[in-house]
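>>> requesting a structural model of the entry that follows:
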Amino acid sequence: MDAADFSAVLSEVRRFVRERVMPLEAEIDEKDEMPADIREAARKMGLFGFALPEEYGGLGLSMYEEARLMFELGYTTPSLRSMFGTNNGIAGHVLMVGGTAEQKAEWLPRIASGDVLASFALTEPEAGSDPSTLTTRAHLDGDEWVINGAKRYITNAPLADVFMVFARTDPDAPGTRGISTFLVPAGTPGLTVAPRDHKMGQFGAWTADVYLDDVRVPADALVGGEHGLNRGFATAMGCIAHGRVHISALMVGMAERLVDESVTYASTRRQSGKLIGSFQLVQGLIADSQTDYYAGRATVLEAARAFDAGTDTKTGPSCAKYFASEMVCRVADRAVQVHGGAGYMRGVAVERFYRDARLFRIYEGTSQIQQVIIAKALLGGAARG
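The predicted model follows:
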């Protein structure tokens, strides 16, 4: 995107976040629901398709540009980003990376416009960070695929119009081989979405279990057509690597907000007749958080540059996701500490962000999975003993 145009996009998103969304954060958290007018405003701004190609109606942002946009979106409740994150990220990218020309033409314009909300259905009750144990199965019956299985914690499932469902199509293939991806529209007979989960945090971002009982889809629902058969895992990993940089940038935006909340509170709150910002131990907490934020921002931008260049599309995203998720939890913890008892009270921003931040160390691959990916990339065969 032209630099001036991109600058205008950032300015518009910053204004939207700070003037429209931030005043509603407590309401969104309390009601566990994103207001319809915010959803519509995000759709009109093109936020459902900022990472999708321009030829399909998206903004076509590079990874570096996307990271900078995420810094702005991360400044408020993460449920805002979650509303359109799957369209731009792991669900939309399934089609970008592995879809046929016909599948892209049919679905991507509607996904980019926000007319269609897409979900990424990979995780299962016994297959989370390690998809090799995935048990959902699909077999060909005439000119239809029949899918059976269950998915867990699927983002946007209660609202989704289409699901990117990962299923084992070759039961004899070992590990991550033999997995394929299917386009399954909501309302397809046999597809059931359970009631939404009641989570610790990130209220307003809905997840739910998804059940598939003899779900039948046409042969052309196989993502990538014949060439996509048994290539679902590779497609998923390419999408998830992009998602790790994307979500890492969101965490940096949240860390910036937490630092700002800490500075504001320490600059106005008095204890023993003095501003608490004059106490050196409080200063130390804020200094550590600013340093963490600064390091996280630099890490994410470097990972985004390498991703765009194609020089590192695996280890860098894992490094960024690992560092940023651990970092934002440290910053959130310090923010609560700076606020003291007030930081433990509902309705105070840092209390809400403390709950919201905890999930980042789990989804898009746990911190422990990122450690394994990073170590194996560096150690090679030595990591296997």
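>>> what about the helix or strand hosting I286, distance to the chain center?
Here I286, judged by DSSP states H and E, is contained in helix 280-309. From the chain centre to the centre of helix 280-309 is a distance of 19 Å (CA atoms, centre = their mean, to the nearest Å).
>>> quick one: the helices in the stretch 1-150 of the chain, in order.
Using DSSP state H, counting those that start in this stretch, the helices found in the stretch 1-150 of the chain span residues 3-15, 25-31, 36-44, 63-73, 78-88, 90-98, 101-113.
>>> least confident of those helices, on average?
Here the lowest mean pLDDT among these goes to helix 90-98, at a mean of 91.
>>> that one packs against which elements?
Judged by 3 or more CB pairs under 8 Å, 6 or more residues apart in numbering; DSSP states H and E, the packing partners of helix 90-98 are helix 101-113, strand 118-121, strand 162-168, helix 232-268. Quick note: C-beta positions are derived from backbone N, CA and C, even for glycine.
>>> let's go with 6 Å and repeat that
Helices and strands touching helix 90-98, by 3 or more CB pairs under 6 Å, 6 or more residues apart in numbering; DSSP states H and E, are helix 101-113, strand 118-121, helix 232-268.
>>> the last one to helix 90-98, inter-axis angle?
Here helix 232-268 runs at 140 degrees with respect to helix 90-98, directions being taken by axes from the mean of the first three to the mean of the last three CA atoms, to 10 degrees.
>>> what sits up against stretch 328-346?
The set of residues external to stretch 328-346 that reach it, using CB atoms under 6 Å, 6 or more residues apart in numbering, is 251, 254-255, 258, 261-262, 265-266, 282, 285, 289, 292, 348, 350-351, 353-354, 357.
>>> just to revisit the earlier point, turn the helices of the stretch 1-150 of the chain into CSV, columns for mean neighbour count and distance to G204.
What follows is the helices of the stretch 1-150 of the chain, written out as CSV (neighbours: other CB atoms under 10 Å; distance: least, CB to CB, whole Å):
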stretch, mean neighbour count, distance to G204
helix 3-15, 13, 18
helix 25-31, 16, 4
helix 36-44, 14, 9
helix 63-73, 24, 14
helix 78-88, 26, 3
helix 90-98, 25, 19
helix 101-113, 18, 21
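>>> pLDDT weak spots in the stretch 101-250 of the chain?
For the stretch 101-250 of the chain, applying pLDDT under 70 flags no range at all.
>>> got the CA coordinates for stretch 164-179 in PDB?
Extracted in PDB, the C-alpha atoms of stretch 164-179 (Å, rounded to 0.1, in the frame of the first residue of the first chain):
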ATOM      1  CA  MET A 164     -12.600 -24.500   7.400                       C
ATOM      2  CA  VAL A 165     -12.700 -28.000   8.800                       C
ATOM      3  CA  PHE A 166      -9.600 -30.100   9.100                       C
ATOM      4  CA  ALA A 167     -10.200 -33.900   8.900                       C
ATOM      5  CA  ARG A 168      -8.100 -37.000   8.400                       C
ATOM      6  CA  THR A 169      -8.700 -38.300   4.800                       C
ATOM      7  CA  ASP A 170      -6.000 -41.000   4.900                       C
ATOM      8  CA  PRO A 171      -6.400 -43.000   8.200                       C
ATOM      9  CA  ASP A 172      -3.300 -45.100   7.400                       C
ATOM     10  CA  ALA A 173      -1.000 -42.100   7.000                       C
ATOM     11  CA  PRO A 174       1.200 -41.400  10.100                       C
ATOM     12  CA  GLY A 175       1.100 -38.300  12.200                       C
ATOM     13  CA  THR A 176       0.300 -35.100  10.400                       C
ATOM     14  CA  ARG A 177       0.100 -36.700   7.000                       C
ATOM     15  CA  GLY A 178      -3.300 -37.600   5.500                       C
ATOM     16  CA  ILE A 179      -5.100 -34.500   6.800                       C
END
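>>> for the residue nearest to K314 when sequence neighbours are not counted, which residues are in contact?
Of all residues not flanking K314 in the chain, A241 sits nearest, at 5.9 Å (CB to CB, 6 or more residues apart in numbering). A241 is in contact with 313-314, 317, counting by CB under 6 Å, 6+ apart.
>>> then E33?
Applying CB under 6 Å, 6+ apart, one finds that E33 lies in contact with G204.
>>> so what does it look like in phi/psi?
phi -160, psi 140 (degrees, to the nearest 10).
>>> V215 now?
V215 adopts backbone torsions of phi -70, psi 130, taken as degrees, to the nearest 10.
>>> so what's the residue count around it?
25 (other CB atoms under 10 Å).
>>> could you find the closest non-adjacent residue to it?
Leaving aside its chain neighbours, V215 sits nearest to G190 (3.9 Å; criterion: CB to CB, 6+ apart).
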